[in-house]
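# how would this look folded up:
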Amino acid sequence: MKFALRPLSPKLMITLALAAAVAFPARAADLPADVGTKVAAATKQLVQWAADPAIVAAVREANGHDAGGMNNGKWADVADADPAVKAILGGKVGAQIIKWEAANDGINKLVLRDQKGNVIAASAKPLLFNNASRPQFANAMKGQAWAASEVKADPTTQVPSVQLGVPVLDGGKTIGVLHAGVSAK
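This next block holds a predicted model:
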């Protein structure tokens, strides 16, 4: 009797990849056990949020636009009351991100970014408009969850945190990143 192996469906492959990313986020194993547990729980939560249809749609839409000349230097000079900041914190997706962050004790910052690393929505004005060179973005853009292996003061909130990034997937393709600061206290 012969057995024929069938290829895995793309949906099953994505599910298995996300399950592995949640169970073993890159580098998080180096953290103290209690912090590692918080990071694993936050990773699982972020993966679910990153798959929300409104999040995927917002990233897809943002990827179709340029940053309008905004960069990290200009962003640093933009006041919290500026319309550019209000647009990121407001709107349907911004309001949802603020709600998610507020409802989760372990997360002190939540930021959605497009494929170039530009901020789309956030729970508070992030320090950087673009973080494409930062590991939480660059590693998550490779298609798997990533967590830092050390606790540092979050650049935005100054809370001792572990940086965490998960990919936003559209049809199995990474199109952006949802990242968070996970409180280590």
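# Please list all residues in contact with residue 94.
Residue 94 is in contact with 87, 88, 121, 122, counting by C-beta atoms under 8 Å, 6 or more residues apart in numbering. To be clear about C-beta, it is placed using only N, CA and C from the backbone, and glycine gets the same treatment.
# The third one pairs with what?
Assessed by DSSP bridges, residue 121 has beta-bridge partners residue 112.
# Next one: it from residue 100, what distance?
For residue 121, the distance to residue 100 equals 11 Å [C-beta to C-beta, to the nearest Å].
# quick one: which of those two has more around it?
For the pair residue 121 and residue 100, the greater number of neighbours falls to residue 121 (26 against 20), based on other C-beta atoms under 10 Å.
# helix or strand right after the helix or strand encompassing residue 164?
Using DSSP states H and E, residue 164 falls within strand 160-170. Where DSSP H and E defines the elements, the next helix or strand beyond strand 160-170 is strand 173-183.
# Check which residues of that next one are buried.
Residues 174, 175, 176, 177, 178, 179, 180, 181, 182, 183 are the ones in strand 173-183 that count as buried (16 or more other C-beta atoms under 10 Å).
# tell me the two of those residues that are most distant?
175 and 183 (27.7 Å; C-beta to C-beta).
# report the angle between the axes of the helix or strand hosting residue 94 and strand 173-183?
Taking DSSP H and E as the definition, one finds residue 94 inside helix 91-103. Orientation note: helix 91-103 sits at an angle of 40 degrees relative to strand 173-183 (axes from the mean of the first three to the mean of the last three C-alpha atoms, to 10 degrees).
# now the strands for this structure?
In the chain, the segments counted as strands under DSSP state E are 107-113, 119-122, 146-147, 152-153, 160-170, 173-183.
# could you dump those strands to CSV with mean pLDDT and distance to residue 34?
As requested, the strands of the chain are exported to CSV (pLDDT from 0 to 100; distance: least, C-beta to C-beta, whole Å):
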stretch, mean pLDDT, distance to residue 34
strand 107-113, 96, 16
strand 119-122, 96, 27
strand 146-147, 95, 14
strand 152-153, 91, 17
strand 160-170, 96, 11
strand 173-183, 96, 11
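# Can I get the ones you listed in TSV including distance to residue 78?
Below are the strands of the chain laid out as TSV (distance: least, C-beta to C-beta, whole Å):
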stretch	distance to residue 78
strand 107-113	15
strand 119-122	11
strand 146-147	28
strand 152-153	22
strand 160-170	23
strand 173-183	20
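# With residue 92 as the reference, name the closest of those.
For these, proximity to residue 92 was assessed by C-beta to C-beta; strand 119-122 is nearest, at 9.0 Å.
# Packing partners of the closest one?
helix 53-63, helix 83-89, helix 91-103, strand 107-113 (3 or more C-beta pairs under 8 Å, 6 or more residues apart in numbering; DSSP states H and E).
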